[in-house]
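Chemist: the following block contains a protein sequence and its predicted model.
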Amino acid sequence: MTAFAQTNPITDICFLVEDVEKASAFYVDRLGFKPRRRAPGFADFKGAGITLALWEIGHIAEHTGISGRRASPGVHKACAAIELPSPDHVDAAYAQLKKVGVIFLAEPQEYSWNARCCYFADPDDNLWELYAWSDGGPIGDIDPDE
């Protein structure tokens, strides 16, 4: 087994989007990401602990040779998660983001994996989860010492 993931933290997440301008507006205006770089078909932003990049599907396909196939609307292509300190923080974040126009799939609720969660999607249907562990913490830990 390689130790790659244990020695190289995830520093960026990149969502493939149809329209970088539309997606950028969502991430800046609704979620508060700070613009960092801009190039044709590409933008990236600073957030707490991570860089979020947006790359237009057609642009990345043209320049790298990866597939430019698009998923149907409503089909989620990725999920990014933000762990919050407590279930109350999930409720507060839900209220704050809903107030600025973020559309959630449902109100925060308790799930069987012992977490309070809520979900929303960006304009390209990339899914976001806000979650916090409920009393007793996560279940199913493989190595409880880590």
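Modeler: Cool, the structure landed. Note that the structure is a prediction, hence the values are computed from the model and not measured.
Chemist: use CA for all of it now, contacts and neighbours both
Modeler: Fine.
Chemist: got the domain boundaries for this protein?
Modeler: As assigned by automatic domain parsing, the chain contains the domains 1-70, 71-146.
Chemist: using a markdown table, lay out those together with mean pLDDT.
Modeler: Output for the domains of the chain, formatted as a markdown table (pLDDT from 0 to 100):
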| stretch | mean pLDDT |
| --- | --- |
| domain 1-70 | 89 |
| domain 71-146 | 89 |
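Chemist: for those, give me JSON lines that also has mean neighbour count.
Modeler: Below are the domains of the chain laid out as JSON lines (neighbours: other Cα atoms under 10 Å):
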{"stretch": "domain 1-70", "mean neighbour count": "15"}
{"stretch": "domain 71-146", "mean neighbour count": "15"}
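Chemist: just checking, residue 26 touches residue 121?
Modeler: No: between residue 26 and residue 121 there is no contact, the gap being 10.2 Å when judged by Cα atoms under 8 Å.
Chemist: for the closest residue to residue 70 other than its chain neighbours, what are its contacts?
Modeler: Excluding its sequence neighbours, the residue lying closest to residue 70 (Cα to Cα, 6 or more residues apart in numbering) is residue 57, at 7.8 Å. Contact analysis of residue 57 by Cα atoms under 8 Å, 6 or more residues apart in numbering lists 16-18, 68, 70.
Chemist: could you redo the last one with a cut-off of 10 Å?
Modeler: By Cα atoms under 10 Å, 6 or more residues apart in numbering, the contact set of residue 57 is 15-20, 41-42, 66-70.
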